[in-house]
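Enquirer: Quick check, what structure comes out for this input:
(one chain, ligands or ions: 1)
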Amino acid sequence: MSAVQRVLAENIAAVRGRMADAARQSGRAPEDVTLVAVTKYVDVDMAQQVAEAGCLHLGESRPQELWRKAELLVSPRPHWHLVGHLQRNKIRRTLPLVEWIHSADSLRVLDALQAEAESAGCRARVLLEVNVARDQAKTGLLPEDLVPLAQRLSSWNALDICGLMAMSGLGSDRDEARREFAQVRQLRDRMQTQCPPEVALKHLSMGMSDDFAMAILEGATLVRVGSALFEGIDT
Ligand SMILES: *Cc1c(COP(=O)(O)O)cnc(C)c1O
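Expert: Below you'll find the predicted structure:
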(Lines give C-alpha, C1' and ligand atoms only; values in the text may rest on other atoms or scores of the structure.)
Protein backbone atom coordinates (compact mmCIF):
# COMPACT_ATOMS: atom_id res chain seq x y z
CA MET A 1 0.00 0.00 0.00
CA SER A 2 1.33 3.43 -0.93
CA ALA A 3 1.48 6.27 1.59
CA VAL A 4 -1.41 7.96 -0.21
CA GLN A 5 -3.53 4.81 -0.09
CA ARG A 6 -2.82 4.48 3.62
CA VAL A 7 -3.87 8.07 4.42
CA LEU A 8 -6.95 7.70 2.23
CA ALA A 9 -7.93 4.46 3.98
CA GLU A 10 -7.48 6.13 7.38
CA ASN A 11 -9.56 9.13 6.35
CA ILE A 12 -12.34 6.93 5.02
CA ALA A 13 -12.31 4.83 8.18
CA ALA A 14 -12.44 7.97 10.34
CA VAL A 15 -15.41 9.39 8.42
CA ARG A 16 -17.22 6.05 8.48
CA GLY A 17 -16.56 5.77 12.22
CA ARG A 18 -18.06 9.18 12.91
CA MET A 19 -20.98 8.37 10.62
CA ALA A 20 -21.65 5.13 12.50
CA ASP A 21 -21.57 6.89 15.88
CA ALA A 22 -24.04 9.50 14.69
CA ALA A 23 -26.30 6.86 13.14
CA ARG A 24 -26.43 4.91 16.41
CA GLN A 25 -27.08 8.13 18.34
CA SER A 26 -30.03 8.80 16.07
CA GLY A 27 -31.38 5.30 16.70
CA ARG A 28 -30.40 3.88 13.33
CA ALA A 29 -27.97 1.27 12.09
CA PRO A 30 -24.73 2.48 10.47
CA GLU A 31 -25.69 0.81 7.18
CA ASP A 32 -28.79 3.00 6.98
CA VAL A 33 -26.59 5.97 6.06
CA THR A 34 -24.66 5.97 2.77
CA LEU A 35 -21.36 7.74 2.29
CA VAL A 36 -21.22 9.48 -1.07
CA ALA A 37 -17.56 10.32 -1.68
CA VAL A 38 -17.42 13.58 -3.59
CA THR A 39 -14.49 13.36 -5.98
CA LYS A 40 -14.77 16.80 -7.57
CA TYR A 41 -11.42 17.95 -6.12
CA VAL A 42 -9.41 14.98 -7.35
CA ASP A 43 -8.33 13.40 -10.61
CA VAL A 44 -9.47 10.11 -12.06
CA ASP A 45 -6.60 8.15 -10.50
CA MET A 46 -7.48 9.30 -7.00
CA ALA A 47 -11.16 8.61 -7.62
CA GLN A 48 -10.12 5.12 -8.67
CA GLN A 49 -8.28 4.73 -5.34
CA VAL A 50 -11.39 5.83 -3.49
CA ALA A 51 -13.42 3.15 -5.27
CA GLU A 52 -10.75 0.53 -4.62
CA ALA A 53 -10.78 1.51 -0.95
CA GLY A 54 -14.39 0.40 -0.88
CA CYS A 55 -16.29 3.67 -1.36
CA LEU A 56 -18.43 2.76 -4.32
CA HIS A 57 -20.86 5.64 -4.14
CA LEU A 58 -19.13 8.55 -5.87
CA GLY A 59 -20.46 12.06 -6.38
CA GLU A 60 -19.57 14.86 -8.76
CA SER A 61 -21.02 18.35 -8.86
CA ARG A 62 -20.34 19.09 -12.55
CA PRO A 63 -21.93 16.92 -15.20
CA GLN A 64 -18.97 17.09 -17.60
CA GLU A 65 -16.59 15.93 -14.92
CA LEU A 66 -18.93 13.09 -14.03
CA TRP A 67 -19.06 12.01 -17.69
CA ARG A 68 -15.27 12.02 -17.86
CA LYS A 69 -14.73 10.00 -14.70
CA ALA A 70 -17.60 7.62 -15.39
CA GLU A 71 -16.03 6.70 -18.69
CA LEU A 72 -12.66 5.93 -17.15
CA LEU A 73 -13.68 4.25 -13.88
CA VAL A 74 -14.92 0.85 -14.85
CA SER A 75 -13.58 -1.60 -12.30
CA PRO A 76 -14.85 -1.55 -9.67
CA ARG A 77 -17.75 0.27 -11.28
CA PRO A 78 -19.02 3.04 -8.99
CA HIS A 79 -22.60 4.10 -8.37
CA TRP A 80 -22.63 7.69 -9.61
CA HIS A 81 -24.43 10.55 -7.89
CA LEU A 82 -24.80 13.98 -9.47
CA VAL A 83 -24.82 16.43 -6.57
CA GLY A 84 -24.61 19.77 -8.40
CA HIS A 85 -26.76 21.82 -10.74
CA LEU A 86 -27.87 20.05 -13.89
CA GLN A 87 -28.36 22.23 -16.96
CA ARG A 88 -31.11 20.93 -19.19
CA ASN A 89 -28.82 20.51 -22.18
CA LYS A 90 -26.68 18.09 -20.13
CA ILE A 91 -29.52 15.76 -19.15
CA ARG A 92 -29.35 13.44 -22.15
CA ARG A 93 -25.76 12.46 -21.53
CA THR A 94 -25.99 12.40 -17.75
CA LEU A 95 -29.10 10.31 -17.20
CA PRO A 96 -27.75 6.94 -18.38
CA LEU A 97 -24.63 7.32 -16.21
CA VAL A 98 -26.10 8.18 -12.83
CA GLU A 99 -28.13 6.28 -10.28
CA TRP A 100 -28.94 9.33 -8.23
CA ILE A 101 -29.58 12.98 -9.05
CA HIS A 102 -29.49 14.96 -5.80
CA SER A 103 -30.02 18.33 -7.35
CA ALA A 104 -33.41 18.69 -9.05
CA ASP A 105 -33.67 22.38 -8.22
CA SER A 106 -36.55 23.60 -10.41
CA LEU A 107 -39.76 22.40 -12.01
CA ARG A 108 -38.19 22.95 -15.41
CA VAL A 109 -35.42 20.50 -14.69
CA LEU A 110 -37.93 17.95 -13.36
CA ASP A 111 -39.99 18.27 -16.54
CA ALA A 112 -36.90 17.90 -18.70
CA LEU A 113 -35.71 14.87 -16.71
CA GLN A 114 -39.12 13.29 -17.05
CA ALA A 115 -39.17 13.83 -20.83
CA GLU A 116 -35.69 12.42 -21.29
CA ALA A 117 -36.21 9.42 -19.00
CA GLU A 118 -39.41 8.63 -20.87
CA SER A 119 -37.83 8.74 -24.29
CA ALA A 120 -34.61 6.95 -23.28
CA GLY A 121 -36.35 4.33 -21.18
CA CYS A 122 -34.06 4.84 -18.20
CA ARG A 123 -34.85 5.87 -14.67
CA ALA A 124 -33.04 7.82 -12.02
CA ARG A 125 -33.60 8.36 -8.37
CA VAL A 126 -34.18 12.05 -7.94
CA LEU A 127 -34.00 14.24 -4.87
CA LEU A 128 -35.55 17.70 -4.70
CA GLU A 129 -32.98 20.29 -3.72
CA VAL A 130 -34.29 22.74 -1.16
CA ASN A 131 -32.63 26.06 -0.49
CA VAL A 132 -33.40 25.83 3.21
CA ALA A 133 -31.07 28.66 4.24
CA ARG A 134 -32.40 30.91 1.45
CA ASP A 135 -28.92 31.67 0.20
CA GLN A 136 -29.25 34.10 -2.70
CA ALA A 137 -26.28 32.53 -4.42
CA LYS A 138 -27.74 29.05 -4.37
CA THR A 139 -30.19 27.24 -6.54
CA GLY A 140 -32.95 25.11 -5.11
CA LEU A 141 -36.65 25.11 -4.45
CA LEU A 142 -37.88 27.28 -1.60
CA PRO A 143 -39.34 25.51 1.43
CA GLU A 144 -42.80 27.04 0.91
CA ASP A 145 -42.90 25.75 -2.68
CA LEU A 146 -42.31 22.14 -1.71
CA VAL A 147 -45.41 21.11 0.21
CA PRO A 148 -47.77 22.28 -2.59
CA LEU A 149 -45.67 20.18 -4.97
CA ALA A 150 -46.24 16.99 -3.01
CA GLN A 151 -49.51 16.03 -4.67
CA ARG A 152 -47.97 16.37 -8.12
CA LEU A 153 -44.94 14.20 -7.54
CA SER A 154 -46.39 11.10 -9.15
CA SER A 155 -46.98 12.98 -12.40
CA TRP A 156 -43.22 12.78 -13.06
CA ASN A 157 -43.78 9.07 -13.37
CA ALA A 158 -40.55 8.24 -15.16
CA LEU A 159 -38.60 9.45 -12.12
CA ASP A 160 -38.27 7.97 -8.67
CA ILE A 161 -38.57 11.11 -6.60
CA CYS A 162 -37.48 9.79 -3.26
CA GLY A 163 -36.48 12.62 -0.96
CA LEU A 164 -34.89 15.98 -0.38
CA MET A 165 -31.37 17.35 -0.61
CA ALA A 166 -30.03 20.42 1.14
CA MET A 167 -26.89 22.24 2.14
CA SER A 168 -26.45 24.24 5.29
CA GLY A 169 -26.28 28.02 4.79
CA LEU A 170 -23.05 29.61 3.61
CA GLY A 171 -22.40 31.42 6.86
CA SER A 172 -24.15 29.04 9.22
CA ASP A 173 -22.37 27.88 12.35
CA ARG A 174 -22.90 24.37 13.62
CA ASP A 175 -26.01 25.11 15.64
CA GLU A 176 -27.60 26.93 12.73
CA ALA A 177 -26.65 24.09 10.41
CA ARG A 178 -28.30 21.61 12.73
CA ARG A 179 -31.48 23.70 12.85
CA GLU A 180 -31.49 23.88 9.06
CA PHE A 181 -31.15 20.09 8.78
CA ALA A 182 -34.00 19.65 11.25
CA GLN A 183 -36.13 21.99 9.12
CA VAL A 184 -35.43 19.87 6.05
CA ARG A 185 -36.52 16.73 7.90
CA GLN A 186 -39.72 18.42 9.11
CA LEU A 187 -40.42 19.68 5.61
CA ARG A 188 -40.00 16.15 4.26
CA ASP A 189 -42.34 14.80 6.95
CA ARG A 190 -44.96 17.42 6.10
CA MET A 191 -44.62 16.73 2.39
CA GLN A 192 -44.92 13.01 2.91
CA THR A 193 -48.36 13.42 4.47
CA GLN A 194 -49.52 15.17 1.26
CA CYS A 195 -47.92 12.73 -1.20
CA PRO A 196 -49.77 10.12 -3.27
CA PRO A 197 -49.33 6.70 -1.64
CA GLU A 198 -46.84 5.47 -4.24
CA VAL A 199 -44.38 8.26 -3.47
CA ALA A 200 -42.05 7.59 -0.53
CA LEU A 201 -39.72 10.40 0.45
CA LYS A 202 -37.36 8.08 2.25
CA HIS A 203 -34.13 9.90 1.67
CA LEU A 204 -32.48 13.00 3.01
CA SER A 205 -29.19 13.98 1.38
CA MET A 206 -27.57 16.42 3.75
CA GLY A 207 -24.23 16.95 5.44
CA MET A 208 -20.77 17.59 4.03
CA SER A 209 -17.28 17.42 5.55
CA ASP A 210 -17.94 20.03 8.23
CA ASP A 211 -21.39 18.97 9.31
CA PHE A 212 -22.18 15.39 8.29
CA ALA A 213 -22.44 14.10 11.86
CA MET A 214 -25.01 16.79 12.68
CA ALA A 215 -26.94 15.98 9.51
CA ILE A 216 -27.10 12.29 10.46
CA LEU A 217 -28.39 13.20 13.92
CA GLU A 218 -31.22 15.00 12.09
CA GLY A 219 -32.02 12.08 9.82
CA ALA A 220 -29.68 12.19 6.80
CA THR A 221 -29.63 8.91 4.85
CA LEU A 222 -26.96 10.11 2.40
CA VAL A 223 -24.00 12.32 3.28
CA ARG A 224 -21.86 13.96 0.60
CA VAL A 225 -18.30 14.15 1.83
CA GLY A 226 -15.35 15.49 -0.15
CA SER A 227 -12.49 17.31 1.54
CA ALA A 228 -12.49 15.25 4.76
CA LEU A 229 -11.56 12.19 2.70
CA PHE A 230 -8.53 13.88 1.16
CA GLU A 231 -7.02 15.56 4.24
CA GLY A 232 -3.27 15.19 4.28
CA ILE A 233 -3.17 14.17 0.63
CA ASP A 234 -1.79 16.43 -2.08
CA THR A 235 -4.73 16.64 -4.45
C1 LIG B 1 -18.35 19.83 -2.97
C2 LIG B 1 -19.68 19.37 -2.51
C3 LIG B 1 -19.78 18.52 -1.41
C4 LIG B 1 -18.58 18.07 -0.59
O5 LIG B 1 -18.07 19.16 0.13
P6 LIG B 1 -16.95 18.99 1.27
O7 LIG B 1 -17.18 20.15 2.16
O8 LIG B 1 -15.65 19.04 0.56
O9 LIG B 1 -17.18 17.71 1.95
C10 LIG B 1 -21.04 18.09 -1.06
N11 LIG B 1 -22.15 18.47 -1.74
C12 LIG B 1 -22.07 19.27 -2.81
C13 LIG B 1 -23.33 19.66 -3.52
C14 LIG B 1 -20.84 19.76 -3.24
O15 LIG B 1 -20.79 20.58 -4.30
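Enquirer: List the neighbouring strands of the strand or helix carrying residue 161 plus their orientation.
Expert: Element membership for residue 161 (DSSP states H and E) is strand 160-166. Within its sheet, strand 160-166 is paired with strand 125-129 (parallel), strand 203-206 (parallel), according to DSSP bridges.
Enquirer: from those strands, which stretch is densest packed?
Expert: Among the strands paired with strand 160-166, the stretch with the highest mean neighbour count (mean count of other C-beta atoms under 10 Å) is strand 203-206, at a mean of 26. Glycine gets a C-beta too; all of them are placed from N, C-alpha and C.
Enquirer: What is the distance between stretch 32-45 and the centre of its chain?
Expert: Distance, stretch centre to chain centre, for stretch 32-45: 10 Å (C-alpha atoms, centre = their mean, to the nearest Å).
Enquirer: right, quick check: that stretch against the ligand, any contact?
Expert: Yes: with C-beta under 6 Å from any ligand atom as the criterion, the ligand is reached by stretch 32-45 at 38, 40.
Enquirer: Residue 201 reaches residue 149, doesn't it?
Expert: No: counting by C-beta atoms under 8 Å, residue 149 is not a contact partner of residue 201; they are 11.1 Å apart.
Enquirer: about what we covered before: any chance of the strands paired with strand 160-166 in JSON lines, with distance to the ligand and mean pLDDT too?
Expert: JSON lines is the format used below for those (distance: least, C-beta to the nearest ligand atom, whole Å; pLDDT from 0 to 100):
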{"stretch": "strand 125-129", "distance to the ligand": "9", "mean pLDDT": "98"}
{"stretch": "strand 203-206", "distance to the ligand": "8", "mean pLDDT": "98"}
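Enquirer: Is it possible to get TSV of those that adds distance to residue 175?
Expert: Converted to TSV, the strands paired with strand 160-166 look like this (distance: least, C-beta to C-beta, whole Å):
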stretch	distance to residue 175
strand 125-129	23
strand 203-206	15
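Enquirer: So for residue 201 and residue 149, which residue has more residues nearby?
Expert: Remark: of residue 201 and residue 149, residue 201 carries more neighbours, 20 against 16, as counted by other C-beta atoms under 10 Å.
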